[in-house]
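A.B. asks: Provided below for reference: sequence and predicted model.
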Amino acid sequence: MPIVQFENVSKIYKSGDHELRALDNISFTLDEGKFVVILGPSGAGKSTLLNLLGGLDSPSEGTITVSGSDISKLNDNDLTDYRASTVGFVFQFYNLIPTLTVYENVELVSEISKNALDAKDMIAKVGLLDHLSNFPSELSGGEQQRISIARALCKNPKILLCDEPTGALDSETGVMVLELLLDMAKKYGKTIVIVTHNQNIAKMADVVIRVKNGKIRSVEEQENPLSVGEVDW
């Protein structure tokens, strides 16, 4: 069942007489519960696409439909509600609040999400229950990313958006975080969208969208994606 549809979407930035088309007339559909990788080099438009889907920005042209609603026409207040209820974010650099403990960082989402899951339960599921009272500075990079995943899942979103979630980690920790992210999200039936330039991550996707110069080059469905353990890292 389709959960996301981009139809003739463009994002145009203007500076004086100069016009930059970060995305140029792109169209695609994503089904619910799929693991999707948006693949492309730096500057291809991947993060712009993710920001539009996440309601962090609005398209210059075209429509974006999520769960039957056209989010491209939402006002600021409605976009805030959309971000709170529908999407969860996992970023490359964690974005944890340094003055809050692990538990407080995750539990914070209960203030913005009506259907939030139990914070302590999510922290336990990422294996860090014994770090509830620690501050982010007391954790390793991999542990901080695991807490950011717990926080994103605690919102109980329909769609989990991940922008280079392993880019700041060493290879071994990155593989562990990716395996955790996929395992947790699949258990909760989430649609996962990962932006990356890592070809190995694409091997595990149900759908691979290749982006270059702001255009969709291909949308590939993979019948037998590999597991994390089957990929040669």
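C.D. replies: On my side now, so go ahead.
A.B. asks: In three-state terms, how would residue 219 be classified?
C.D. replies: Per DSSP: H, G, I helix; E, B strand; the rest coil, the secondary structure class of residue 219 is strand.
A.B. asks: what about the most centrally placed residue in the chain, distance to residue 90?
C.D. replies: The centre of the chain sits closest to residue 161, judged by Cα atoms, centre = their mean, with a distance of 1.2 Å. If you measure residue 161 against residue 90 using Cβ to Cβ, to the nearest Å, the figure is 7 Å. Where you see a C-beta, it was placed from the backbone N, CA and C, and this is true even at glycine.
A.B. asks: do the same with residue 52
C.D. replies: Here the criterion is Cβ to Cβ. By it, residue 52 lies 17 Å from residue 90.
A.B. asks: Neighbouring strands of the strand or helix carrying the residue nearest to the centre of the chain in the sheet, and parallel or not?
C.D. replies: Secondary-structure assignment from DSSP states H and E places residue 161 in strand 159-163. Here strand 159-163 has these sheet partners by DSSP bridges: strand 87-90 (parallel), strand 191-196 (parallel).
A.B. asks: got those as JSON lines, with distance to residue 129 and mean pLDDT columns?
C.D. replies: Output for these, formatted as JSON lines (distance: least, Cβ to Cβ, whole Å; pLDDT from 0 to 100):
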{"stretch": "strand 87-90", "distance to residue 129": "20", "mean pLDDT": "92"}
{"stretch": "strand 191-196", "distance to residue 129": "24", "mean pLDDT": "93"}
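A.B. asks: Done for today, thanks.
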